[in-house]
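Trainee: Here is my input; please provide its structure:
(chains A, B and C)
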Amino acid sequence: MKHFGSFRTSLAALTAGTLAVSMSTAVAEPGSWTGEPVRIVVTFPPGGTSDLVARLLAKYLDSEFGQKAVVDNRPGAAGTVAADYVAQQDPDGTTLMIANNAPFTIAPTQFESLPYDPMAGFTHIAFIGSSSPGLFVKPDSGITTVAEFIAAAKETPVTYGSSGVGSISHILGEAVDGELGIETIHVPYQGSAPAIQDFRAGVLDTFYDMVAQNSDMIEDREAVAIAIAAPERFPGVPEVPTFAEQGYDIVIENWVGLTGPAGIDPAMAETIRETTEAVLALPEVVASMADLGINTKPMSGEDYTTFVETQIGVWEPLIIAAGIQGK
Amino acid sequence: MDILTAFGSGLATAFHPSNLLYCFVGVFLGTFIGVLPGIGSMAAIAMILPLSFYLEPGTAIIMIAGVYYGAEYGGSIASILMNIPGTPSSSITCIDGYPMARSGRAGVALFVSSIASFGGGIIGMVVMALLSPGLANLALSFGPAEYFSVILLGLIAASAVSNGGALKGIAMVFAGLMLATVGVDLTTGDLRFTMGVPELRDGVNLVIVAMGLFGVGELIASIRANSSGQGRQTIDYSQFYPTRAEWRASLGPILRGGGIGSFFGALPGTGQTVASAVAYAVEKKVSPNRANFGKGAVEGVAVPESANNSATQTAFIPTLTLGVPGSASMAMVIGALMIHGITPGPRLLVEHGDLFWGLVASFLIGNVMLLILNIPLIGLWVRLLQIPYRYMYPTIIVLICIGVYSLNNNVFDIWLTLFFGIAGYLMRLFRFEPAPLLIGFVLGPMMEEQLRRALLLSRGDPMVFIERPISGTLIAVTAGILVYGLWTTFRARRRSRSASISMSE
Amino acid sequence: MPVDEPGPVDQDVTHRPHAWWGAVGGAVLVALSIYFMAGGLGLGLGTPFRPGTGAFPFFAGLILMGLSIGIIVQDLGSDGLAERPDWISFLAIGASLAVFALTADRFGLLPAVFLTTLVASSPDRSLHLPGKAVLGAILAGASWVLFIKALGLPFDAFRGI
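Mentor: Below you'll find the predicted structure:
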């Protein structure tokens, strides 16, 4: 693939000079929003989905819009180290972060105290997209529906692998137990890969993980995804039914968004959002996001802020049910 | 498909000019990054990851792989010259490499380290070419019980790494195990010994422990020795290249290290540090020169370097054929492929055989490049030792600080390094060695995690460790080693007691 | 008894501070193991076949305590420390790390490197203060070129100035 010329660098000066005008209209053109390189903070070490999204974004912000950006991984304490750091930075558009469930919707309920306020401490700028986890069983178990799974689990205790205590897959596992009225044995791993390894080795009966990222396993009949915890069937894996379709109210969204410290000028935030959306609309990026199993969706800044706030409420009972409060 | 034909077509892919170029970029960057203490292959791969988006997936993976194994070549350089592990896995190389440098044989140590890295790399490549499907199955036949048993075996073997008293060595292994429990308990999510510090939730980073105990501790001790002129690094140019005897002595360790390294590389999660530690421990048991281990034995440099390089090559087997990354660096390899729409897994060998074989062939080319790159540099590195220590040691401190700071961009890590530096110096004064502690620290969490997982899955039945054939065999071997060790210790003690009686203590 | 102790680095080790000095290392380990055992008990040991959160640190601590007592017995009769302690260098290096930790976030990488160099080289008398300042400046410049420019690590060269 070839480099694209950066043809809109002059917009940096433009947006900087026309703050007052665009404030009232809240319509912005995609382009560079600061002359400084932007630091995109990632809550995980390099290599994960958040990190890859950040690196894709950084690359195309520069090549398409001349906005230099560096990825800054600040992993630690379930993403709260990174969120705390971002909350303390100047709201000048030079520090942003890839927001996700860990520090924004799980930590507020999980931890007794947080050094930051997930809503007032940040400017939630742009929603990027989400993926949804699901339940995988062995093909030779013959189970294809949630109802059959319940029957099997009531007969003999079933083990499930998750990517760790307090991870999205663990919270989903406990939510499923509650909703289905069954009891399963939770076996935590460090990330989903080792859990899938043990599933393949026949050690685990089931596991929970993002469905779209495991489409190969589904196609190869190495695992059967009996239900996905998405609001509707997921792009890339349309054959996997939702929990809701089968009569169980279980929806979990593993989302990513772009967020900065509180007090970013609304006009600048709008430019950042427009630019991010323009990057996400590039064909190469669309393809890469699909490969990562992320369903992108444009959303206004206000909608994204409301979304984060609602999500805190959505996750609270799940986290309490999973029994990971104060851990 | 015939392996030779496949490898031949892989060679053709690897010799493509753009692949050659990016292979060189990768190994060059890797070896350079490896020299810098604390900044490992992960930082370098993260750095070039965006560049890889522009490349063909095969080329991208060749470049990233080059960074990964190139870093292992570079890692030993800081270990040998300054006693600071450039990468965690080269901590073991400090044990004999640094004493060699102090006795004026830095050139020989670096030479042997390069040759052993090359040998290990080639062994790893051959193993990957011949046994990839089989080794993928190895990882699948390793459940929690097997992991526990093999780690137990490694730990028992590693207790032998210490040069000082056996008692202190084993005590340090247990201190390492204990230290490793700091942070979130992986099985229950409870916090252990974090003292309310959020940064300690994720435990203590291996790089910090290694830099503090080896690097800072050594640095404090060497300032006075160097300023008073006693410890001046003399370079004996007549001992620049290994002698014929040293060549011969290195061959066995390279082969054994390569074999052990290939095994641990193919087991996701264990990796190069475990590989080099276990290989060193084994070599210390079997080498005819074992009495000189820890005092500057060439075998002690050859074996960990061969092991960690072969492990870097075979680490690609589970990463590519199962989609199971053994380390954060390998997770980035998977990420780089996913960006290109290639999902590593059992299908990769079939659907992207050209990519796989191109990569395997590039290992050969990359290792040759690294050898050609590193051998002429030895003279330069050795000359670095002639820089007066008053300039050197502040430079080393700055490198340690920046290296540690780059881990999480958090100054808390510097405070922790300070803590471990103090501990390292005191340990030195009281004759405790850091190497066994480090090994306990690496193996401890894995052992606990797999033990508890195995018991969770067996519903509390401990027989799983014996009933499963692989696990049972490993337990039996471990028990054998223990019994043999106790017996020889008992005999040695009886002999020394009778000797000390005659010498009247 | 270990006979193959690593050779002392310092040559003037022949002095013996006190016979009990040798036991301090073992005693520190005993204290450490008690801390981990107590913590382990507090976290819960679980059952033999379902080890709890505290089981591993407790038993590692227990074994370490046994070994440490053995070490104390063994070291009591030994010849003290491995080498004469160099507390000046110890303090200088410790302080230099502390200076880096205190200044890196506040003032940026380059001032931190400069100050760290000054503090670290303070015990060295063969170099004048201006010489140390030049060394600090060179290291700061080299860090900027190498880590920020060439490697692109996300550090700020200067901050808050």
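Trainee: rest of the way, CA atoms for contacts and neighbours
Mentor: OK.
Trainee: Please enumerate the strands of chain C.
Mentor: Ranges of strands in chain C, per DSSP state E, are C:46-47, C:50-51.
Trainee: Break chain C down into its domains, please.
Mentor: By the assignment in automatic domain parsing, chain C contains the domains C:1-84, C:87-150.
Trainee: can you list the strands of chain C in a markdown table and add mean neighbour count and mean pLDDT?
Mentor: Output for those, formatted as a markdown table (neighbours: other C-alpha atoms under 10 Å in any protein chain shown; pLDDT from 0 to 100):
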| stretch | mean neighbour count | mean pLDDT |
| --- | --- | --- |
| strand C:46-47 | 12 | 84 |
| strand C:50-51 | 18 | 83 |
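Trainee: B:Ser114 against B:Tyr73, yeah?
Mentor: Yes - counting by C-alpha atoms under 8 Å, B:Ser114 does reach B:Tyr73; the two are 6.6 Å apart.
Trainee: between these two, which one's more packed in?
Mentor: The neighbour comparison of B:Ser114 against B:Tyr73 (other C-alpha atoms under 10 Å in any protein chain shown) goes to B:Tyr73, with 35 against 29.
Trainee: Tell me how far that one lies from B:Ile220.
Mentor: 27 Å (C-alpha to C-alpha, to the nearest Å).
Trainee: next one: A:Ile150
Mentor: 63 Å.
Trainee: quick revisit: lowest average pLDDT across the domains of chain C?
Mentor: Across the domains of chain C, domain C:1-84 has the smallest mean pLDDT, namely a mean of 77.
Trainee: returning to what we had before: so which of the domains of chain C is the most surrounded?
Mentor: The highest average neighbour count among those, using mean count of other C-alpha atoms under 10 Å in any protein chain shown, belongs to domain C:87-150 at a mean of 20.
Trainee: Is chain B within reach of it?
Mentor: Yes - contact of domain C:87-150 with chain B (C-alpha under 8 Å from any C-alpha of the partner chain) involves C:89-90, C:93-94, C:96-98, C:100-102, C:104-105, C:113, C:116-117, C:120-121, C:124, C:126-127, C:135, C:139.
Trainee: one step back: and A:Ile150 and B:Ile220? which has more neighbours close in?
Mentor: Counted by other C-alpha under 10 Å, A:Ile150 and B:Ile220 do not tie: B:Ile220 has more neighbours, with 25 against 17.
Trainee: Run through the residues that contact the more buried one.
Mentor: With contact taken as C-alpha atoms under 8 Å, 6 or more residues apart in numbering or on different chains, B:Ile220 is in contact with B:Tyr425, C:Asp86, C:Ser89, C:Phe90, C:Ile93.
Trainee: Just give me the closest of those residues to chain A.
Mentor: C:Ile93 (26.7 Å; C-alpha to the nearest C-alpha).
Trainee: dump the residue contacts of the closest one.
Mentor: B:Val216, B:Ile220, B:Ile397, C:Val119, C:Ala120.
Trainee: Could you rerun that using 7 Å?
Mentor: C:Ile93 makes contact with B:Ile220, C:Ala120, according to C-alpha atoms under 7 Å, 6 or more residues apart in numbering or on different chains.
Trainee: ok, it to C:Leu118 distance?
Mentor: Separation of C:Ile93 from C:Leu118 (C-alpha to C-alpha): 11 Å.
Trainee: Could you do A:Thr109 as well?
Mentor: When distance is defined by C-alpha to C-alpha, A:Thr109 is 46 Å away from C:Leu118.
Trainee: just to revisit the earlier point, adding distance to B:Arg290, write the strands of chain C out as CSV.
Mentor: Below are the strands of chain C laid out as CSV (distance: least, C-alpha to C-alpha, whole Å):
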stretch, distance to B:Arg290
strand C:46-47, 42
strand C:50-51, 39
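Trainee: Out of these, which gets nearest to chain A?
Mentor: Chain A sits nearest to strand C:50-51 of all the strands of chain C, at 12.8 Å, using C-alpha to the nearest C-alpha.
Trainee: Give me the sheet partners of the closest one and which way each runs.
Mentor: The strands beside strand C:50-51 in its sheet (DSSP bridges) come out as strand C:46-47 (antiparallel).
Trainee: Residue of chain C nearest chain A, please.
Mentor: Among all residues of chain C, C:Pro154 sits closest to chain A, at 5.9 Å; criterion: C-alpha to the nearest C-alpha.
Trainee: And the strands in the chain, which stretches?
Mentor: Just so you know, I chose chain A. Assigned strands in chain A, in chain order: A:38-42, A:69-73, A:95-100, A:122-131, A:133-137, A:159-162, A:185-188, A:206-210, A:224-228, A:254-261, A:295-296 (criterion: DSSP E).
Trainee: oops, chain B please
Mentor: Counting by DSSP E, chain B has strands at residues B:183-184, B:191-192.
Trainee: residues near residue 186, how many?
Mentor: You didn't say which chain, so I picked chain A. What A:His186 shows, counting by other C-alpha under 10 Å, is a neighbour count of 23.
Trainee: my bad, the chain I had in mind was chain B
Mentor: By other C-alpha under 10 Å, the residues close to B:Leu186 number 24.
Trainee: mind listing what it touches?
Mentor: A:Gly164, A:Val165, B:Glu449.
Trainee: let's go with 6 Å and repeat that
Mentor: Listed by C-alpha atoms under 6 Å, 6 or more residues apart in numbering or on different chains, the contact set of B:Leu186 is empty.
Trainee: Check B:Ser362 too.
Mentor: B:Ala14.
Trainee: Tell me the pLDDT of the residue lying closest to A:Val256 once chain neighbours are set aside.
Mentor: Of all residues not flanking A:Val256 in the chain, A:Asn100 sits nearest, at 4.7 Å (C-alpha to C-alpha, 6 or more residues apart in numbering or on different chains). At A:Asn100, the predicted lDDT confidence score is 94.
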